[in-house]
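# Got a predicted structure here, sequence first:
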Amino acid sequence: MLTWIMIVVLLVVITVVATVLIGRNGDANYSKATKGNIKRLTMIYIILAVVLIVGLGLYIYFKS
C-alpha cells in the first residue's frame with residue numbers, strides 16, 4: 001500500500017512541477033487570462049486532492 005501512496009504522491013508532484021514550468025512561459029495575450037486559469041487549476045488540484053484522500057480512506061477502510 002505504501003508503494004501506491006508513493007506513486008500517487010510522485011504523480012501529484014510531477015503534475016504540479018509541470019504546471020508551474022508550463023505556466024512560466026507566457027505571452028502578452030495569455031497574461032490577461034492568467035487569473036482565470038490559475039483559479040481553474042487550483043480548483044482542479046483541490047478536487048483531485050479530495051478525491052484522492054477519499055479514495056485512500058475508502059481503500060484503508062475496506063482493506064481492514
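Now that the structure is in, tell me what you want to look at.
# Is the closest residue to Leu48 other than its chain neighbours within a helix or a strand, and which one?
In space, and not counting its chain neighbours, Leu48 is closest to Val12: 7.5 Å by Cβ to Cβ, 6 or more residues apart in numbering. Where C-beta positions appear, they are placed from N, C-alpha and C, glycine not excepted. Per DSSP states H and E, Val12 falls inside helix 2-24.
# What is the helix or strand following that helix packed up against?
Sequence-wise, the next helix or strand downstream of helix 2-24 (DSSP H and E) is helix 28-63. Identification of packing neighbours for helix 28-63 by 3 or more Cβ pairs under 8 Å, 6 or more residues apart in numbering; DSSP states H and E yields helix 2-24.
# Tell me if I'm right that Leu52 and Val8 touch.
Yes: shown here, Leu52 and Val8 form a contact pair, counting by Cβ atoms under 8 Å, at 6.1 Å.
# Spatially central, which residue of this protein would that be?
Central residue of the chain (Cα atoms, centre = their mean): Tyr45, 3.8 Å from the mean position.
# Number of residues surrounding the closest residue to that one other than its chain neighbours?
Leaving out its chain neighbours, the residue that sits closest to Tyr45 by Cβ to Cβ, 6+ apart is Val16, at 7.4 Å. Under the neighbour criterion other Cβ atoms under 10 Å, Val16 is assigned a count of 12.
# where does the helix or strand of the chain with the lowest mean pLDDT sit relative to the chain's centre, distance-wise?
Counting by mean pLDDT, DSSP states H and E, the chain has its least confident helix or strand at helix 28-63, which shows a mean of 87. The chain centroid and the centroid of helix 28-63 are separated by 5 Å under Cα atoms, centre = their mean, to the nearest Å.
# List the buried residues of that helix.
Neighbour counts over helix 28-63 (16 or more other Cβ atoms under 10 Å) mark no residue as buried.
# still on that earlier bit, so the residue nearest to Leu48 versus Leu52, what's the distance?
To Leu52, Val12 is 8 Å away according to Cβ to Cβ, to the nearest Å.
# This completes my enquiry, with thanks.
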